[in-house]
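> quick check, what structure comes out for this input:
(chains A and B)
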Protein chains: 2
Amino acid sequence: LNYAYLAFHVTNLPGMLAGMRAMPSFRGLSVTIPHKEAIIPLLDEIDPLAQAVGSVNTVTNDGGKLIGSTTDGRGMLRALADASEDLAAKNVLVLGSGGAVRAAAFALACETDAAKVAVYARPSDRLWKLQADLAEAAKVPVTVDTMADHLDSAEALGAFDVIIQGTSVGMTPNDAESIVPGNWFREGQVVFDMVYRPHQTKFLRDAKTAGCKIVYGIEMLVHQAALQFETWTGVVAPVDAMRAAVKELI
Amino acid sequence: LNYAYLAFHVTNLPGMLAGMRAMPSFRGLSVTIPHKEAIIPLLDEIDPLAQAVGSVNTVTNDGGKLIGSTTDGRGMLRALADASEDLAAKNVLVLGSGGAVRAAAFALACETDAAKVAVYARPSDRLWKLQADLAEAAKVPVTVDTMADHLDSAEALGAFDVIIQGTSVGMTPNDAESIVPGNWFREGQVVFDMVYRPHQTKFLRDAKTAGCKIVYGIEMLVHQAALQFETWTGVVAPVDAMRAAVKELI
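Numbers count the residues shown, from 1 in each chain, chains lettered A, B, ... in the order given. Next comes the predicted model:
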């Protein structure tokens, strides 16, 4: 494939996009913090999911038209699908309210047949914004609320088939922490942690001990990139090679 | 070295440069036809040689300041130096009046201690412009005039120590042509042909037969690029590897 993928620090977003527009073979770019929201009004077309989330992580130069999309949430769906996890009719829990959780929640609520999607986190303006925005966009039943009030027992956690941890709890150097007591997990649950440093968090370790099926955080990282790769090249992404490269780097 | 060098078709020069300015690690770029002249007013600083020639083939992003320079002529000087050819006190002839000849003539006239530099070509507006511009900038004696009037015999050609062919005569598919009769060369002359397709033109073959030292056209191509490489990276260019890559490509 005649492509190169390079990292650039961007000091002027409109200028950078002028450069992209001036080079028709500049096929696409990945967008990360702090440009994911600011780039939206500068593009020609925004994919409906990215518009709903209010965040773009992918720009594709389609014959001079710059199209914004987001693979953050879809990457998580694909990480679960790759682990043979069908979300149809499942009860899905997402913990947290940051950007990745928002993207995941919209993908779950708008692009799956889950029975129910719950998002629990500490109270914050962004949690209430997510509550309001998701209520409007969701195609499946959604609850967005405070974690302290709704996740207070093993029974409460046990009601979910799929649990997605999206806070920074348990991230290096706080490897010994987990957002829920280890003995609340039950056998048969599918447990995913967006944290990928360490590779296996305490959250995942506890889940594994309890007999849950676990999916590592780097899977979301790899699959959001694989989706970008496929958008730009039209070729199936070499996911195993990408995963190996990420593992080596991390 | 953490660099990648990629080719882009540019449809909007100011936009492209806005992109370069927006990415501080975008270190430099090569400029080719049709942008070598149009880029000058868009840059922040122009090297005096490039300013005199009126052509930029190199842009360097120096901490946000875009500096234009030209390595076309200096690349030719370096090709001759690489062939152990010292131009001090030599009589140098350049044939042609195109962009590469113009660059070579300025480098010869402004950056060497040649005894004399002559440029002969068919009469044209650009020849007369070169005549006027060189007369103003040259640091060594320069003659720019019509070839028919000044290069009419073996004696006339024999007056030069170094002969640089810069017209397209002899270029594939016209491999059998040469701009001067083969028997005009004399032993001891240094003969260079800017044409690099074919690798050895009739002009060079005739010169070699006459006992001249010959320098191939790809040397100028390689050395103008080596100078760019060194400007951007600060590292001595791997000229042998570059030459091998060019030969493979051509």
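
> remind me what the helix or strand harbouring A:Met220 packs against, helices and strands.
Element membership for A:Met220 (DSSP states H and E) is helix A:218-233. The contact analysis (3 or more CB pairs under 8 Å, 6 or more residues apart in numbering or on different chains; DSSP states H and E) places helix A:218-233 against strand A:28-30, strand A:58-62, helix A:72-82, helix A:239-249. C-betas here are computed from N, CA, C, even on glycine.

> contacts for it next, please.
A:1, A:3, A:27-28, A:30, A:57-58, A:60, A:69, A:71-72, A:74-76, A:78-79, A:82-83, A:100, A:192, A:194, A:196, A:199, A:235-237, A:239, A:242-243, A:246-247, A:250 (CB atoms under 8 Å, 6 or more residues apart in numbering or on different chains).

> got a PyMOL select line for the buried ones in those residues?
Here is the PyMOL command that selects the buried residues among the contacts of helix A:218-233 (16 or more other CB atoms under 10 Å in any protein chain shown):
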select buried, chain A and resi 27+28+30+57+58+60+69+71+72+74+75+76+78+79+100+192+194+196+237+239+242+243
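
> could you list which of the contacts of helix A:218-233 also contact chain B?
Restricting these to those touching chain B (CB under 8 Å from any CB of the partner chain) yields no residues.

> looking at chain A, which residue is nearest chain B?
Proximity of chain A to chain B (CB to the nearest CB) peaks at A:Gly19, 1.2 Å away.

> mind checking the SS state of that residue?
Assigned by DSSP: H, G, I helix; E, B strand; the rest coil, the conformation of A:Gly19 is helix.

> list the contacts of it.
Counting by CB under 8 Å, 6+ apart, A:Gly19 touches A:26, B:15-20, B:22-23.

> swap the cut-off to 7 Å and go again
By CB atoms under 7 Å, 6 or more residues apart in numbering or on different chains, the residues touching A:Gly19 are B:15-16, B:18-20, B:22.

> swap in A:Ser97?
Per CB under 7 Å, 6+ apart, neighbours of A:Ser97: A:121, A:124, A:126-127, A:130.

> can you tell me which two in those are farthest apart?
Spatially, the most separated pair among these is A:Ser124 and A:Leu130, at 9.3 Å (CB to CB).

> who's more crowded, those two?
Neighbour totals were compared for A:Ser124 and A:Leu130, and A:Leu130 leads with 24 against 12 (other CB atoms under 10 Å in any protein chain shown).

> what helix or strand is the more buried one located in?
helix A:125-137.

> output the contacting helices and strands for the helix or strand hosting A:Ala207.
Using DSSP H and E, A:Ala207 falls within helix A:202-209. Based on contacts counted as 3 or more CB pairs under 7 Å, 6 or more residues apart in numbering or on different chains; DSSP states H and E, the elements that helix A:202-209 packs against are strand A:190-193, strand A:213-215.

> need the residues of chain A near chain B, please.
Proximity of chain A to chain B, by CB under 7 Å from any CB of the partner chain, involves residues A:4, A:6, A:8-12, A:15-16, A:18-26.

> select from those residues every entry located in helices.
Counting by DSSP state H, the part of the residues of chain A next to chain B found in helices is A:15-16, A:18-22.

> which single one of those residues is nearest to A:Ala176?
The closest of those to A:Ala176 turns out to be A:Met16 (CB to CB; 41.2 Å).

> who are the contact partners of the closest one?
A:10, B:19, B:22-23.
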